[in-house]
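>>> Let's see this in three dimensions:
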Amino acid sequence: MPSQEWIEANRAKWRYRGQERPPFALAPQPGQESVWDYPRPPRLAPDSREVVVLLGSVEIARSSRTVRVLETASPPTFYIPPADVTMNAIERAAGGSLCEWKGLAAYWTVTAPGQRLERVGWSYPEPFPGFEAIRDYFAFYPMQLDCFVDGIRVLPQPGRFYAGWVTPELVGPFKGEPGSEMW
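Predicted structure coming up:
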């Protein structure tokens, strides 16, 4: 478990926290959301749109009971309840990572006949206080999987590390684009 000093130091490093949009942020039009209006610490938002995750033609998840994690500068990540995930298509992967807001993440490998994608999903078995609503929910990287929200294929957030789902109603720029390291 990380020390409280590590958590506080990493939480303090963020320059933008959603209180006001920086001058380079795009202004949202009616029906759009600016990722610069999302807070830090992130906010959890239930979402009833249909979310589908595919590996080729194999359905990995389908849900209308997801939770979006909304965090300053990043497109939302959709977390899917375990009951809506095809559990025989995923297996626990080695390793993990640490989010200063959500806690220790466990990684998941997605499999389908003749296909195997290592560490393309994750979950929080013991999330930090405030994030209990996503305990054991699954999130997936849209870079390697086909992910859809209400039938529209999402675009992956720029950058190899990030996992946000870019949907048509979002405006940025998004963390992960060149020059965004200090956002």
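>>> Can you tell me the element the residue positioned nearest the centre of the chain falls in?
Central residue of the chain (Cα atoms, centre = their mean): residue 77, 2.4 Å from the mean position. Assessed by DSSP states H and E, residue 77 sits inside strand 74-79.
>>> So what are the sheet partners of that strand and their directions?
Strand pairing for strand 74-79, determined by DSSP bridges: strand 66-71 (antiparallel).
>>> mind listing what's buried in stretch 44-54?
Buried residues in stretch 44-54, defined by neighbour count with 16 or more other Cβ atoms under 10 Å: 44, 47, 51-54. In this view, the C-beta of every residue, glycine as well, is placed from N, C-alpha and C.
>>> Please compute how far that stretch lies from its chain's middle.
11 Å (Cα atoms, centre = their mean, to the nearest Å).
>>> rewinding a little: follow the chain on from the strand holding residue 77 and name the next helix or strand.
Past strand 74-79, the next helix or strand by DSSP H and E is strand 90-99.
>>> Which neighbouring elements make contact with the following helix or strand past that following strand?
Downstream of strand 90-99, the next assigned helix or strand under DSSP H and E is strand 103-112. Applying 3 or more Cβ pairs under 8 Å, 6 or more residues apart in numbering; DSSP states H and E, one finds that strand 103-112 contacts strand 51-55, strand 58-63, strand 90-99, strand 115-123.
>>> Tell me which of the ones you listed sits nearest to residue 69.
Set against residue 69 and scored by Cβ to Cβ, the helices and strands packed on strand 103-112 come closest in strand 90-99, at 9.6 Å.
>>> Which strands or helices does that closest one pack on?
Using 3+ Cβ pairs under 8 Å, 6+ apart, strand 90-99 sits against strand 103-112, strand 115-123.
>>> Can you point out the buried residues in that strand?
Going by neighbour count (16+ other Cβ under 10 Å), the buried part of strand 90-99 is 90, 93, 96, 99.
>>> go on, stretch 58-69?
Buried-residue list, stretch 58-69, by 16+ other Cβ under 10 Å: 60-61, 63, 66-69.
>>> Closest to residue 11 out of those residues?
residue 69 (15.3 Å).
>>> so after the helix or strand bottoming out on mean pLDDT in the chain, what's the next helix or strand?
Lowest by mean pLDDT, DSSP states H and E among the helices and strands of the chain is helix 4-12, with a mean of 90. Per DSSP H and E, helix 4-12 leads on to strand 33-34 as the next helix or strand towards the C-terminus.
>>> Give the rounded mean pLDDT of that next one.
For strand 33-34, the mean per-residue pLDDT is 98.
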